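>>> sharing a sequence plus its predicted fold:
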Amino acid sequence: MTNPGCAILSESKRLPLVWEELAVACPTWKRFLPDTRDSRDVPWMSDDGWLLKTAFCNTGDSVTVRELLPDRIWWKRRLDIWSHPRHWIAQRRFSTTTVDTPAGAMFPCLGVYTIDGKACGIYGRLSSTPVVDYSAMDVAVLVERTDEENQP
């Protein structure tokens, strides 16, 4: 399976930077997505309230949080952000509540699959670190129906 070519727009983490210029409203996306800015527009070097990631970050592979990186990687990322600022975005950091599991406290990540704007599935991942990256475990997401939903 592949995404259609137009997904290059919606898959880019830089899409929120042009929302106001689009003729399409994105109220739910705007409501739930953390504040997202061009990396040049925020003081990410002095304010730990921001993380950085590449525009096409996949499974957390380029999420950059200073205190979570070894010095060598931090310096490499800083150089890349300064050299290629249009490849990066800054996003307001947020805290995730851990969930208790048999393996200990884990950080969850949920995503919703959609077809023609309608939810059709959910994926879940768990990580032992706040950044849910390629090493996270895939998990089943079970949804319990309420009594009202079970009525014919």
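Now that the structure is in, tell me what you want to look at. Numbering: from 1, shown residues only.
>>> which parts of the chain are strands?
36-38, 50-54, 88-92, 99-101, 104-115, 118-127, 137-139 (DSSP state E).
>>> a markdown table for these, including mean neighbour count?
(C-beta placed from N, C-alpha, C; glycine too.) Converted to a markdown table, the strands of the chain look like this (neighbours: other CB atoms under 10 Å):
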| stretch | mean neighbour count |
| --- | --- |
| strand 36-38 | 16 |
| strand 50-54 | 22 |
| strand 88-92 | 22 |
| strand 99-101 | 11 |
| strand 104-115 | 13 |
| strand 118-127 | 13 |
| strand 137-139 | 13 |
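>>> any idea how far the residue lying closest to Trp74 once chain neighbours are set aside is from Asp47?
Excluding the flanking residues, the one nearest Trp74 by CB to CB, 6 or more residues apart in numbering is Arg66, at 5.9 Å. To Asp47, Arg66 is 10 Å away according to CB to CB, to the nearest Å.
>>> which helix or strand in this structure has the lowest average pLDDT?
Of all helical and strand segments in the chain, the minimum by mean pLDDT, DSSP states H and E falls on helix 147-150, at a mean of 65.
>>> which one's more surrounded, Arg66 and Asp47?
Arg66 (15 against 11; other CB atoms under 10 Å).
>>> read off the pLDDT value for that one.
Here, the pLDDT recorded for Arg66 equals 92.
>>> okay but it is in contact with Asp48, surely?
Yes: between Arg66 and Asp48 there is a contact at 6.6 Å, judged by CB atoms under 8 Å.
>>> look through the chain and tell me its longest helix.
helix 71-83 (DSSP state H).
>>> distance of the spatially most central residue of the chain from His87?
Ranked by distance to the mean C-alpha position of the chain (CA atoms, centre = their mean), the top residue is Gly60 at 7.4 Å. Separation of Gly60 from His87 (CB to CB) stands at 16 Å.
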